[in-house]
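**Student:** Sequence and computational prediction follow.
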Amino acid sequence: MKIKIIQKGNKVLREIAKEVSLENIKSAEARNTIKKMKQAIFENEEAVAIAAPQIGKSSRIFVISEYVFAPKNEEKKKNDFGYIVFINPKILKKSREKKILTEGCLSVENIYGAASRADKIKVEACDENGKKFIKSGAGLFSQVIQHEIDHLDGVLFTDKAIILEKMVNSQKGI
């Protein structure tokens, strides 16, 4: 059964998602949420990441496809890659340099826009086993991290977009 993506207008997308306690990281509920998020990315061709509120869960969890790290010139499919799970993510550092990048969102169908995002980012989170890790990156990775953390803070990319454009008969976004 296809995972239902919560759409703009649903209050869960505007709430600040709840932290996941260390004892609950390995719970059946958390594992089920993560499983559904990975499935949602797999099912949606244009998706590279998703946050828990987008499937109706107010939890500070998001999942990114490792596809965001693939060199642009490689002929690889998104579904050839694994996933990185971020639980209770915190941005440790953002570059002052910003880039204006085009974004879309599974929860805002057929709308794309240009948003200003820090070009580089450093983030700390726990994985699905409760182990802390730090990841740094630039470009698409930085953009996706900021987009997903915004979801956990009740912010949609349309709140930050400089230009919004409605696409007809288009695929879905981040």
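**Tutor:** Received, thanks.
**Student:** Tell me the buried residues in the lengthiest helix in the chain?
**Tutor:** With DSSP state H applied, the helix covering the greatest number of residues in the chain is identified as helix 28-43. Applying a neighbour-count criterion of 16 or more other CB atoms under 10 Å, the buried positions in helix 28-43 are 30, 33-34, 36-41. Just so you know, the C-beta spots here come from the backbone N, C-alpha and C atoms, and that holds for glycine as well.
**Student:** and what of stretch 159-167?
**Tutor:** The neighbour-count check on stretch 159-167 (16+ other CB under 10 Å) flags 160-161 as buried.
**Student:** biggest separation within the buried residues of helix 28-43, which pair?
**Tutor:** Across these, no pair lies farther apart than 30 and 41, at 17.0 Å, counting by CB to CB.
**Student:** in this structure, which segments are predicted with low confidence?
**Tutor:** Counting by pLDDT under 70, the chain has low-confidence residues at 71, 73-74, 168-174.
**Student:** Strands along that one, start to end?
**Tutor:** 49-51, 61-65, 83-94, 98-105, 108-118, 120-126, 132-138, 163-166 (DSSP state E).
**Student:** Minimum distance to residue 145: which of those strands has it?
**Tutor:** Ranking the strands of the chain by proximity to residue 145 (CB to CB) places strand 120-126 first, at 5.3 Å.
**Student:** Show residues contacting the longest helix of the chain.
**Tutor:** In this structure, residues lying in contact with helix 28-43 by CB atoms under 8 Å, 6 or more residues apart in numbering are 2-3, 5, 20, 24, 47-52, 54-55, 57, 59, 61-63, 65, 78-79, 83, 85, 87, 106, 128.
**Student:** on that earlier part again, the strands of the chain into TSV, with extra columns for distance to residue 152?
**Tutor:** Putting those into TSV (distance: least, CB to CB, whole Å) gives the following:
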stretch	distance to residue 152
strand 49-51	6
strand 61-65	7
strand 83-94	7
strand 98-105	14
strand 108-118	16
strand 120-126	11
strand 132-138	16
strand 163-166	22
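**Student:** Thank you kindly, that will do.
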